[in-house]
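> predicted structure and sequence below. I'll ask about it afterward.
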Amino acid sequence: MGNGAKAQQKRERNAAKAGGTAKSQIKTNQAAMNIICVTCRQTFLLTTRPPALEEHAQNKHGKTAAECFPTAQK
């Protein structure tokens, strides 16, 4: 048995162990978008940092982050 056959067998074993196809995280990411700008209704991930929210409020609306995101945690 040559090295090519060994490599193919290893690929097949690893594919069987892996369980098939990769899983998508799209639904999880959509559920995590729970910071909403009250002015334009744009959604942001829960993990978005306050400077990014402040930047959005200033650049898009000329407001403070507190005005656009009253429910966002500091």
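Yes, it's here.
> break down this protein into its strands, ranges please.
35-36, 43-44 (DSSP state E).
> just put the ones you listed in CSV and tack on distance to residue 67, mean pLDDT and mean neighbour count.
Backbone N, C-alpha and C define where each C-beta goes, glycine included. Formatted as CSV, the strands of the chain follow (distance: least, Cβ to Cβ, whole Å; pLDDT from 0 to 100; neighbours: other Cβ atoms under 10 Å):
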stretch, distance to residue 67, mean pLDDT, mean neighbour count
strand 35-36, 13, 92, 18
strand 43-44, 15, 90, 15
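> which one, of these, ends up nearest to residue 29?
Using Cβ to Cβ as the measure, strand 43-44 is the one of the strands of the chain that comes nearest residue 29, at 10.4 Å.
> for that closest one, which strands pair with it and how are they oriented?
Strand 43-44 has its sheet partners listed here by DSSP bridges as strand 35-36 (antiparallel).
> show me the shaky parts of the protein.
Applying pLDDT under 70 to the chain flags residues 1, 19-22, 73-74.
> run the last query once more with 90
Counting by pLDDT under 90, the ranges of the chain that qualify are 1-9, 11-34, 45-48, 70-74.
> out of all of them, which helix in it is the longest?
Criterion DSSP state H: the longest helix present in the chain is helix 3-18.
> before we move on, the earlier item: which one of the strands of the chain lies closest to residue 24?
Nearest to residue 24, of all these, is strand 43-44, at 18.6 Å by Cβ to Cβ.
> now do the helices in the chain.
Assigned by DSSP H, the chain shows helices spanning 3-18, 26-31, 50-56, 65-68.
> buried stuff in the second one?
Residues of helix 26-31 classed as buried by neighbour count (16 or more other Cβ atoms under 10 Å): none.
> what of the last one?
The neighbour-count check on helix 65-68 (16+ other Cβ under 10 Å) flags 65, 68 as buried.
> which helices and strands sit right next to that helix?
Applying 3 or more Cβ pairs under 8 Å, 6 or more residues apart in numbering; DSSP states H and E, we find helix 65-68 packed against helix 50-56.
> remind me what the helix it packs on packs against, helices and strands.
Here helix 50-56 touches strand 43-44, helix 65-68, going by 3+ Cβ pairs under 8 Å, 6+ apart.
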